[in-house]
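S.K.: model the structure of this input:
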Amino acid sequence: MNTRERIKSYIEGVVMQLLDDDEDIFELGLVDSLFGLQLVSFVEQEFGLEVDGDDLDIDNFCSIAALDRFVNSKIIPSVER
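M.R.: So this is what the prediction gives:
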């Protein structure tokens, strides 16, 4: 499974419905700020990343596509080192 599929599977499993990749899960009222913290934990554990304070922007976590972009932006620089 690629990054987007792993994220999609996790989020859809929690909200118990299928989502388009660009749907804002917070704006739709499917999740709350507590789930935002769970997303941070999921990203750190699932992808072996450290989410810094500067990364804690709702725009990074609001949709499957946004989270995929965020995770890949963190993975690619660490691979290039």
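
S.K.: helices or strands up against the longest helix anywhere in the chain?
M.R.: Among all segments of the chain classified by DSSP state H, the helix with the greatest residue count is helix 64-80. Taking 3 or more CB pairs under 8 Å, 6 or more residues apart in numbering; DSSP states H and E as the contact definition, the neighbouring helices and strands of helix 64-80 are helix 3-15, helix 33-47, helix 58-61. Yep, even glycine has a C-beta here, placed from its N, CA and C like the rest.

S.K.: can you tell me what sits against it?
M.R.: Among residues not part of helix 64-80, those counted as contacts by CB atoms under 8 Å, 6 or more residues apart in numbering are 3-4, 7-8, 11, 19-23, 39, 43, 47, 49, 51, 55, 59-61.

S.K.: report the separation between the closest residue to Val51 other than its chain neighbours and Leu18.
M.R.: Spatial nearest neighbour of Val51, chain neighbours left out: Val40 (5.0 Å); criterion: CB to CB, 6 or more residues apart in numbering. Noted for Val40: a distance of 23 Å to Leu18, by CB to CB, to the nearest Å.

S.K.: and Phe70, by the same measure?
M.R.: Following CB to CB, the distance that separates Phe70 from Leu18 is 21 Å.

S.K.: between these two, which is the more surrounded one?
M.R.: When neighbours are counted by other CB atoms under 10 Å, Phe70 comes out ahead of the other of Phe70 and Leu18, with 22 against 8.

S.K.: and the gap between that one and Gln17?
M.R.: The spacing between Phe70 and Gln17, counted by CB to CB, is 22 Å.

S.K.: pLDDT value on the most centrally placed residue in the chain, please?
M.R.: Most central residue of the chain, judged by C-alpha distance to the mean C-alpha position with CA atoms, centre = their mean, is Leu67 at 3.5 Å. At Leu67 the predicted local distance difference test score is 97.

S.K.: now Ile75
M.R.: Ile75 is assigned a pLDDT of 87 by the prediction.

S.K.: next, count neighbours for it.
M.R.: Residue crowding around Ile75 was assessed by other CB under 10 Å; the count is 14.
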